[in-house]
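1. 3D model of this:
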Amino acid sequence: MSRADLHIHSKFSDGQLTPEEIIDWALLKGLKAISITDHDTISAIDIAENYAKIKGIEVVPGIELSTEYEGAEVHILGYFFDYHCQSLNNLIDKLKNSRADRAKKMVEKLKKMGISIEYSDIDVDKSGISSIGRPHIARALIKKGYCLSIEEAFDKYIGYNKPAYAERYKISPFEAIKLIIECGGFASLAHPGLIVHIEKENLIKKLKNWGLGGIEVFHTRHSDEDSNYFNSIALRLSLIATGGTDCHGELINGEPIIGKVTVPYENVELIKNSIIHGN
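-> The predicted structure follows:
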């Protein structure tokens, strides 16, 4: 059966692989399709699509929009949208600037704590990053010897309510879904098992009323129980099950986890048909 990994991050957000490297690994894993769903940026799509034409694999245009609902972080995945859509690009520019401003604030907080770090250590202009996130700061802290892991950096310094944490601009999940649909795409709720302090099924019902078409049922950090639970909700609410690894490029036994969590390619076709028939 042909498979698809619909949740992968590249170096253009907080991943460590180029779009070309992602595609090469996907081919090695025998995948028919992938989606690079970078955080709040679409910079990888053109590169990935051009390389995919040469290599013979389908690239689903994707994005992962970071949103907030009742104080909880909620991520919305967008697929098959027109990535030249002006309203989407306007939002991406606003989010990019907000992410950069937040990173500068966090660096200043770290410096006041006696940590020797500069914004240039994570500067997007030097590294080619299009959407700067806290993992970039975490990696800088690791490189400078202040932390041993990304988890430690979040726990000690940059996680929510930690000493160097700073807020940034976020939209609501309802706005994200509306925008994705306006740009001709399909919206799916990312890794619902990771959402905290919110009753999941009620949230999903509300999101469906705004046009949500899918739930990321299968995810690296979902247990079998999680996947079964969200699959049952998807079936009850006539939502399409999406899934993927959420790979950020870290190597395990010399390989990234691309292709470890997938959905049948048939689900990609279901998404396409959903868009054609107006969700």
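
2. hang on, residue 4 packs against residue 261?
-> No. Using Cβ atoms under 8 Å, residue 4 is not in contact with residue 261, being 10.6 Å away. In this view, the C-beta of every residue, glycine as well, is placed from N, C-alpha and C.

3. Give me the common contacts of those two.
-> Residues touching both residue 4 and residue 261 by Cβ atoms under 8 Å, 6 or more residues apart in numbering: residue 244.

4. Looking at these two, which is more packed in?
-> Counted by other Cβ atoms under 10 Å, residue 4 and residue 261 do not tie: residue 4 has more neighbours, with 27 against 22.

5. for this protein, which residue is closest to the average position?
-> residue 64 (3.8 Å; Cα atoms, centre = their mean).

6. Confirm that that residue sits in a strand.
-> Yes. Counting by DSSP: H, G, I helix; E, B strand; the rest coil, residue 64 falls inside a strand.

7. Enumerate every residue touching it.
-> Contacts of residue 64 by Cβ under 8 Å, 6+ apart are 7, 9, 13, 37, 38, 39, 40, 75, 76, 77, 78, 190.

8. what's the burial count for residue 112?
-> 10.

9. what's the distance between it and residue 106?
-> Using Cβ to Cβ, to the nearest Å, one gets 11 Å for the distance from residue 112 to residue 106.

10. Please enumerate the strands of the stretch 51-200 of the chain.
-> Assigned by DSSP state E, counting those that start in this stretch, the stretch 51-200 of the chain shows strands spanning 58-59, 62-69, 72-79, 186-189.

11. Return the most buried member of the ones you listed.
-> strand 186-189 (a mean of 28; mean count of other Cβ atoms under 10 Å).

12. Show me what that one is packed up against.
-> On a contact count with 3 or more Cβ pairs under 8 Å, 6 or more residues apart in numbering; DSSP states H and E, strand 186-189 meets strand 72-79, helix 173-182, helix 200-209, strand 214-219, strand 240-244, helix 265-276.

13. can you put those in CSV and add mean pLDDT and distance to residue 28?
-> Below are the helices and strands packed on strand 186-189 laid out as CSV (pLDDT from 0 to 100; distance: least, Cβ to Cβ, whole Å):
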stretch, mean pLDDT, distance to residue 28
strand 72-79, 97, 23
helix 173-182, 98, 31
helix 200-209, 98, 35
strand 214-219, 99, 20
strand 240-244, 99, 16
helix 265-276, 98, 17
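
14. Residue 75 against residue 67, yeah?
-> Yes. Between residue 75 and residue 67 there is a contact under Cβ under 8 Å: 6.9 Å.

15. Just list the residues touching residue 24, thanks.
-> residue 55.

16. Now name the helix or strand holding it.
-> If you go by DSSP states H and E, residue 24 is part of helix 19-28.

17. next structured bit after that helix?
-> strand 33-36.

18. Which residues does that next one contact?
-> 2, 4-10, 19, 22-23, 26, 44-45, 48, 57-62, 79, 244, 258, 265, 268.

19. low-confidence ranges in the stretch 101-250 of the chain?
-> 123-129 (pLDDT under 70).

20. can you map out the helices along it?
-> For the stretch 101-250 of the chain, applying DSSP state H, counting those that start in this stretch gives helices covering 124-127, 134-143, 150-153, 173-182, 200-209, 224-236.

21. Same list, those helices, but as TSV with distance to residue 277 and mean neighbour count please.
-> Shown next, in TSV, are the helices of the stretch 101-250 of the chain (distance: least, Cβ to Cβ, whole Å; neighbours: other Cβ atoms under 10 Å):
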stretch	distance to residue 277	mean neighbour count
helix 124-127	39	12
helix 134-143	38	20
helix 150-153	41	17
helix 173-182	13	21
helix 200-209	16	16
helix 224-236	18	15
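
22. Turn the ones you listed into JSON lines, columns for distance to residue 164.
-> Shown next, in JSON lines, are those (distance: least, Cβ to Cβ, whole Å):
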{"stretch": "helix 124-127", "distance to residue 164": "19"}
{"stretch": "helix 134-143", "distance to residue 164": "8"}
{"stretch": "helix 150-153", "distance to residue 164": "9"}
{"stretch": "helix 173-182", "distance to residue 164": "27"}
{"stretch": "helix 200-209", "distance to residue 164": "29"}
{"stretch": "helix 224-236", "distance to residue 164": "31"}
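
23. wait, which of those is closest to residue 91?
-> helix 173-182 (6.5 Å; Cβ to Cβ).

24. Which neighbouring elements make contact with that closest one?
-> Applying 3+ Cβ pairs under 8 Å, 6+ apart, one finds that helix 173-182 makes contact with strand 62-69, strand 72-79, helix 86-112, strand 186-189, helix 200-209.
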